[in-house]
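Peer 1: fold the following for me, if possible:
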Amino acid sequence: MKAFITQHGFKLLVTVLFTALIVSAFFWINQDSPPLPSLKKAPDFTLSSLDGKQVQLSDSAKKVRLVEFLFTSCPDICPITTYNMVRLQEELKQDKQWGNEVQFISITFDPERDTPEVFKEYGDRMGMDYEGWTLLTGTEAETSAVAKSFGVLVQKMPDGQFAHSVTSLFVIDGSGEIRKIFAMGEDMDNEEILKTIRQIAESK
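Peer 2: Below you'll find the predicted structure:
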């Protein structure tokens, strides 16, 4: 036996190491996605729903939230973002997660033009399902303050339009931690957002 080990020891060692490498690679490839880090605590806020009720972020605690800042007269980025969110909505409805595990929140920072009627018409036109989608407004000072608390830069232009940060889609877990921030508009990665939402929802 000793002679065999002496003669073939190096080959055995290489074989064992190679086997261990293959097994490690297999488990690495097939392991679940690593847990997402917490970026920071999401600031709580109080704004108004379209029917005038006071709504706080904490009202939807225990759900995964996707928070969007927008204005309905936006010609490009905002409607593209909302369209993509509606596609996500349909995926989540198929998984039976819509409304009970996942909530979308859209906040306008143009409340003067985005009256409850205008905002609701926008939501209807885009295909929002209000079972799991909340539209929020307030005074311009209130909505601007909420956007700023999330780190979203908003500037009102002389023509009444707005310039704003495009990396302002926030995925918030059930305990109120911001877990990931995504780009809006054409750079929006629906597949990655859906994967993130599902990962957080399934880890509860």
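Peer 1: phi and psi next, for the residue nearest to Val86 when sequence neighbours are not counted.
Peer 2: Once flanking residues are discounted, Val86 sits nearest to Gly127: 4.6 Å by CB to CB, 6 or more residues apart in numbering. Quick note: C-beta positions are derived from backbone N, CA and C, even for glycine. The phi/psi pair for Gly127 (degrees, to the nearest 10) reads phi 90, psi 30.
Peer 1: how about Glu121?
Peer 2: phi -60, psi -40.
Peer 1: where's it relative to Leu135, distance?
Peer 2: Using CB to CB, to the nearest Å, one gets 11 Å for the distance from Glu121 to Leu135.
Peer 1: give me the helices and strands touching the helix or strand that Gln103 is a member of, please.
Peer 2: Assigned by DSSP states H and E, Gln103 belongs to strand 102-108. Applying 3 or more CB pairs under 8 Å, 6 or more residues apart in numbering; DSSP states H and E, we find strand 102-108 packed against strand 64-70, helix 77-94, strand 133-137, helix 140-149.
Peer 1: beyond the helix or strand where Leu47 lies, next helix or strand please.
Peer 2: Using DSSP H and E, Leu47 maps to strand 46-49. As assigned by DSSP H and E, the chain's next helix or strand after strand 46-49 is strand 54-56.
Peer 1: and for that next one, what's in contact with it?
Peer 2: Outside of strand 54-56, the residues within contact range by CB atoms under 8 Å, 6 or more residues apart in numbering are Asp44, Phe45, Thr46, Leu47, Ser48, Ser49, Thr134, Leu136.
Peer 1: for this structure, which spans come out with low pLDDT?
Peer 2: 1-35, 160, 204 (pLDDT under 70).
Peer 1: so how far is Leu70 from the residue positioned nearest the centre of it?
Peer 2: Closest to where the C-alpha atoms of the chain average out (CA atoms, centre = their mean) is Val171, at 3.0 Å. Relative to Leu70, Val171 is positioned 16 Å away (CB to CB).
Peer 1: again with Phe150
Peer 2: Look at Phe150 and Leu70: by CB to CB, they are 13 Å apart.
Peer 1: more crowded one of these two?
Peer 2: Between Phe150 and Leu70, counting by other CB atoms under 10 Å, Leu70 is the more crowded of the two (25 against 19).
Peer 1: can you pull the contacts of that one?
Peer 2: Shown in contact with Leu70 (CB under 8 Å, 6+ apart): Cys78, Thr81, Thr82, Ser106, Ile107, Thr108, Phe109.
Peer 1: domain assignment for this protein?
Peer 2: If you go by automatic domain parsing, the domain ranges for the chain are 1-31, 40-202.
Peer 1: for Tyr122, grab the count of nearby residues.
Peer 2: By other CB under 10 Å, the residues close to Tyr122 number 21.
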